[in-house]
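> Show me the folded form of this:
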Amino acid sequence: MKGLEICKNFYLEYGEKMLREQFPEYENLIAVGLVGSGSECYGYDDEISRDHDFEAGFCLFIPDEDVIDRQVAFQLERAYSKLPKEYEGLKRSILSPVGSNRHGVIRMSDFYNEKVGSPTGDLSIREWLRIEDFYLSEATNGEVFRDDCGAFTLIRNKLLDMPENVRLKKLAGNVLLMAQSGQYNFRRCLDHGEPAAAQLAVVKFVDSAMRTIFLLNKRYMPYYKWSFRALRELEKLGNIADSLEFLITSDNAAETAETKYYIIEDIASMIISELQEQKITKAVCGDLEKHAYSINDYIADSDLRNMNIFAGV
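Residues are numbered from 1 along each chain as shown. As a prediction, the model looks like this:
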């Protein structure tokens with residue numbers, strides 16, 4: 001059984017009753033779920049995952065002190081800590097003070113402030129450009145088991161809705177990086193007798209390609225160790241994952257390097273087709289650089305459009 005399911009069952013079996021019986025006046029103000037860091041929040045956990053930070057638990061997201069004060073938060077944390085110390089063969093850890101754990105009582109504002117730097121999920125354009133996508137992924141992953149008043153979900157939905165102009169700026173920058181590293185510098189580095197630099201170019205191409213594909217799917221790329229697994233789940237271009245993996249795991253001997261160059265061009269072609277399908281480029285060619293600048297031209301906000309094309313990467 002996956003960790004997310006275990007945690008949800010633990011809440012339904014013990015947590016729901018605890019809230020209903022001990023905190024009836026606050027029950028409808030508390031969002032419950034499993035969101036944030038950890039493979040279990042993505043459903044990617046396995047036996048190896050259980051060697052650290054893995055337990056049956058859930059998050060109790062509470063509003064600010066003007067609604068639920070410190071005393072009630074403390075009482076809630078104590079009640080949570082008294083739930084069974086072991087569930088489905090998993091031992092629960094000893095909790096530290098309120099708000100410092102992956103599970104237990106966490107202020108909604110503290111959670112979102114830690115992940116994206118905003119307690120309300122309201123971000124300026126520059127903040128959207130600055131935040132790493134894996135933080136946005138951690139702020140919106142997992143599952144919310146209940147949120148009667150909707151406060152937690154309201155912020156969550158704000159973060160799931162990246163402004164289109166920001167998406168375009170990020171796309172433009174990443175597509176240009178794909179052009180420079182893959183279509184241009186990979187082969188040139190090899191011609192210069194710099195195989196290590198060529199491999200760095202390939203790594204940059206793969207990283208930018210992955211970011212581009214997530215953006216084309218309007219999804220956030222998670223922390224790097226889960227990025228390939230998440231990529232394979234994407235509806236659009238997720239089938240490119242194996243080709244990207246080959247690029248960064250193969251050598252640069254002459255024959256292999258030639259194969260890699262053609263794979264890079266094939267990937268570029270597929271991404272260009274998707275850009276055209278989404279009608280966010282007017283360029284008609286196989287040169288990713290021209291498509292990058294065409295994407296940038298589609299940005300409606302003139303200030304954002306006129307920023308350096310790499311402002312979102």
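> Enumerate every residue touching the residue sitting nearest the centre point of the chain.
Centroid-nearest residue in the chain, with CA atoms, centre = their mean: Ser137, separated by 2.5 Å. Listed by CB atoms under 8 Å, 6 or more residues apart in numbering, the contact set of Ser137 reads 220-223. For the C-beta atoms, the positions are set from N, CA and C on the backbone; glycine is no exception.
> for this structure, what spans make up the strands?
31-34, 59-62, 86-87, 90-91, 104-107, 143-146 (DSSP state E).
> Indicate each strand paired with the first one and its parallel or antiparallel sense.
Take DSSP bridges as the rule and strand 31-34 pairs in its sheet with strand 59-62 (antiparallel), strand 143-146 (antiparallel).
> What are the neighbouring residues in contact with Thr140?
35, 156, 159-160, 220.
> Just the buried residues out of these, in ChimeraX syntax.
Buried residues among the contacts of Thr140 (16 or more other CB atoms under 10 Å), as a ChimeraX selection:
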select :35,156,159,220
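> Can you flag which of the contacts of Thr140 belong to helices?
Per DSSP state H, helices hold the following members of the contacts of Thr140: 156, 159-160.
> Tabulate those residues in CSV, adding columns for distance to Arg232.
Output for these, formatted as CSV (distance: CB to CB, whole Å):
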residue, distance to Arg232
Arg156, 24
Leu159, 24
Leu160, 21
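> now those residues in JSON lines, with pLDDT and distance to Phe10?
Listed next are those as JSON lines, based on pLDDT from 0 to 100; distance: CB to CB, whole Å:
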{"residue": "Arg156", "pLDDT": "98", "distance to Phe10": "22"}
{"residue": "Leu159", "pLDDT": "98", "distance to Phe10": "26"}
{"residue": "Leu160", "pLDDT": "97", "distance to Phe10": "26"}
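> nearest to Tyr112, of these?
Nearest to Tyr112 out of those is Leu159 (CB to CB; 7.7 Å).
> Against Arg219, how distant is the closest one?
Leu159 sits 12 Å away from Arg219, going by CB to CB, to the nearest Å.
> again, but for Ala73
Ala73 is 34 Å from Arg219, where distance means CB to CB.
> Next: Cys149.
Using CB to CB, Cys149 is found at 27 Å from Arg219.
> contacts for the least confident helix or strand in the chain by mean pLDDT?
One helix or strand of the chain scores below all others by mean pLDDT, DSSP states H and E: strand 90-91, with a mean of 78. When contacts are defined by CB under 8 Å, 6+ apart, strand 90-91 is touched by residues 6, 50, 54-56, 85.
> nearest to Phe111, of those?
For these, the nearest to Phe111 is Glu55 (18.4 Å; CB to CB).
> Let me know how buried that closest one is, in neighbour terms.
21 (other CB atoms under 10 Å).
> Not including adjacent chain positions, what is the nearest residue to Leu76?
Val105 (5.1 Å; CB to CB, 6 or more residues apart in numbering).
> ok, what's across the strand from that neighbour?
Bridge pairing for Val105 (DSSP bridges) gives the partners Leu60.
> can you count the residues close to it?
Counted with other CB under 10 Å, Val105 comes out at 26.
> returning to that earlier point: tell me the pLDDT at the residue nearest to the centre of the chain?
The score at Ser137 is 98. That number is its pLDDT.
> just Asp53 next, same as before
Taking Asp53 on its own, its pLDDT is 63.
> do Ile48 as well
Listed pLDDT for Ile48 reads 78.
> Could you report the pLDDT at Asp45?
Note for Asp45: predicted pLDDT of 85.
> tally of neighbours for it?
Neighbours around Asp45, by other CB under 10 Å: 17.
> Which residue ranges of the stretch 151-300 of the chain form helices?
Per DSSP state H, counting those that start in this stretch, the stretch 151-300 of the chain carries helices over the ranges 151-160, 164-178, 186-191, 195-216, 224-232, 241-249, 254-277, 288-297.
> for those, which one ends up most surrounded?
helix 164-178 (a mean of 24; mean count of other CB atoms under 10 Å).
> now that one: mean pLDDT?
98.
> can you list the weak-confidence ranges in the stretch 1-150 of the chain?
The stretch 1-150 of the chain contains residues with pLDDT under 70 at 50-53, 94-100.
> can you map out the helices along it?
3-10, 16-22, 70-81, 108-116, 125-130, 133-140.
> rewinding a little: could you verify my assumption that the residue nearest to Leu76 touches Glu77?
Yes. Counting by CB atoms under 8 Å, Val105 does reach Glu77; the two are 4.5 Å apart.
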